[in-house]
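In: My questions are about this predicted structure, shown below with the sequence.
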Amino acid sequence: MANREHLAMLTIGRSQWEAWRNSNAAIALDLRGAWLREVDLRELNLHGADLSEAEISGTAIAGAILSSAQLVRVCGRGANLTGAELVGADLREADLSGADLRGANLVGADLSGANCDRADFSQANLAGANFRQANCDRADFYAATGTNANFTQTYLRQAHLSKAHFSRANFYDAELTQAELYETNLLAARLVSAHLSSARLLYANLHKALLCDAYCEWTDFSRADLSQADCRGARVECANFQKANLIGTRLDPAYRKSERFNGSTDLG
């Protein structure tokens, strides 16, 4: 249950809120379960606030400071969080379907189990963020930065990850069927047992990536850099490796002589 005083202060005006917040910086904001659909939260300082199970669907929160905030099971369908500061925020099991998080800073944020279906993370900073078992089907990660991010068992079907930077990210057992990964940087990424069937990885950087036991049927690896990648146990039936760099790539012996690799750079 939200603190009535804290909730009332949000509605009195931006300048009054900032003045009150600056004078009461040590107070832990309690906005649990608050209905905030019609409240303008743009660029407000909500650092460390507890918004667990709050209703912010369709709310304008662009540029707000929500670092270290508690947003567990928050309902934020279609919310505008562009450019928001969410460093270390707890968004476990949050509903962010259709939310706009373009350019948001989510470094170290926890989105495990969250519903991010059709959410827009374009150019967001996701370094070290945890998306474990989240639903990110059809989400947009264009040009996002997700170094060391965790996408273990995450649904990313038909997601757009082109030109994103996911070096050393963990996609173990992730569902990436029909995902778009054009020019995506997956340097040393962990894609063990990942489902990449019919995904497009044209020009992707998979140097030293781990694709052991991955499902890559009909996957397009044309012109991708798979040098020194470990693909042992991967299923690559009908995959396209045209002009891919496979120097030092570790593949099962049965595939090394397959006609599917004709036109690729020397296997070494």
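Out: In hand now; what should we look at? Numbering: from 1, shown residues only.
In: What is the least confident helix or strand in the chain?
Out: Least confident helix or strand of the chain, by mean pLDDT, DSSP states H and E, is helix 253-256 with a mean of 58.
In: what ranges do the helices span in the stretch 1-150 of the chain?
Out: Using DSSP state H, counting those that start in this stretch, the helices of the stretch 1-150 of the chain run over 4-10, 14-23.
In: right, so of those helices, which gets closest to Ser197?
Out: helix 4-10 (47.0 Å; Cβ to Cβ). The way it works is simple: take the backbone N, C-alpha and C, and place the C-beta from them, glycine included.
In: quick one on the thing from earlier: in JSON lines: the helices of the stretch 1-150 of the chain, plus mean pLDDT and mean neighbour count.
Out: Formatted as JSON lines, these follow (pLDDT from 0 to 100; neighbours: other Cβ atoms under 10 Å):
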{"stretch": "helix 4-10", "mean pLDDT": "87", "mean neighbour count": "15"}
{"stretch": "helix 14-23", "mean pLDDT": "84", "mean neighbour count": "13"}
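In: Could you export the ones you listed as a markdown table, including distance to Leu251?
Out: Putting the helices of the stretch 1-150 of the chain into a markdown table (distance: least, Cβ to Cβ, whole Å) gives the following:
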| stretch | distance to Leu251 |
| --- | --- |
| helix 4-10 | 58 |
| helix 14-23 | 58 |
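In: And those: which comes nearest Ala60?
Out: Between these, helix 14-23 lies closest to Ala60; by Cβ to Cβ that is 12.2 Å.
In: How far does stretch 40-56 stretch from one end to the other?
Out: End-to-end span of stretch 40-56 (Cα to Cα, to the nearest Å): 10 Å.
In: for the record, mean pLDDT for that stretch?
Out: Averaging pLDDT along stretch 40-56 yields 94.
In: cool, stretch 89-106 as well?
Out: 98.
In: Adjust the sequence numbering to begin at 24 for everything that follows.
Out: Yep, numbering from 24; the last one is stretch 112-129 now.
In: Would you pull up how far that stretch lies from the middle of the chain?
Out: Centroid separation for stretch 112-129 versus its chain: 9 Å, with Cα atoms, centre = their mean, to the nearest Å.
In: Just the C-alphas of it, formatted as CSV.
Out: Only the C-alpha atoms of stretch 112-129 are listed here, as CSV (Å, rounded to 0.1, in the frame of the first residue of the first chain):
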residue,chain,number,x,y,z
ALA,A,112,16.5,-1.5,-10.8
ASP,A,113,14.5,-4.5,-9.8
LEU,A,114,12.0,-5.3,-12.6
ARG,A,115,11.4,-9.0,-11.9
GLU,A,116,8.1,-10.2,-13.4
ALA,A,117,7.3,-6.7,-14.5
ASP,A,118,4.8,-6.3,-17.4
LEU,A,119,6.6,-4.1,-19.9
SER,A,120,4.9,-5.4,-23.0
GLY,A,121,4.9,-2.7,-25.7
ALA,A,122,6.9,-0.3,-23.5
ASP,A,123,9.3,2.2,-25.0
LEU,A,124,12.7,2.0,-23.4
ARG,A,125,14.8,3.5,-26.2
GLY,A,126,18.1,4.8,-24.9
ALA,A,127,17.3,3.8,-21.3
ASN,A,128,20.1,2.9,-18.9
LEU,A,129,19.4,-0.6,-17.5
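In: List the residues that contact Ala222.
Out: Leu199, Thr200, Gln201, Ala202, Glu203, Leu204, Cys239, Thr242, Asp243 (Cβ atoms under 8 Å, 6 or more residues apart in numbering).
In: excluding its backbone neighbours, what's nearest the fifth one?
Out: In space, and not counting its chain neighbours, Glu203 is closest to His183: 4.9 Å by Cβ to Cβ, 6 or more residues apart in numbering.
In: related to what we said a few turns ago, out of the helices of the stretch 24-173 of the chain, the one nearest Asp113 is which?
Out: Closest approach to Asp113 among the helices of the stretch 24-173 of the chain (Cβ to Cβ): helix 27-33, 18.3 Å.
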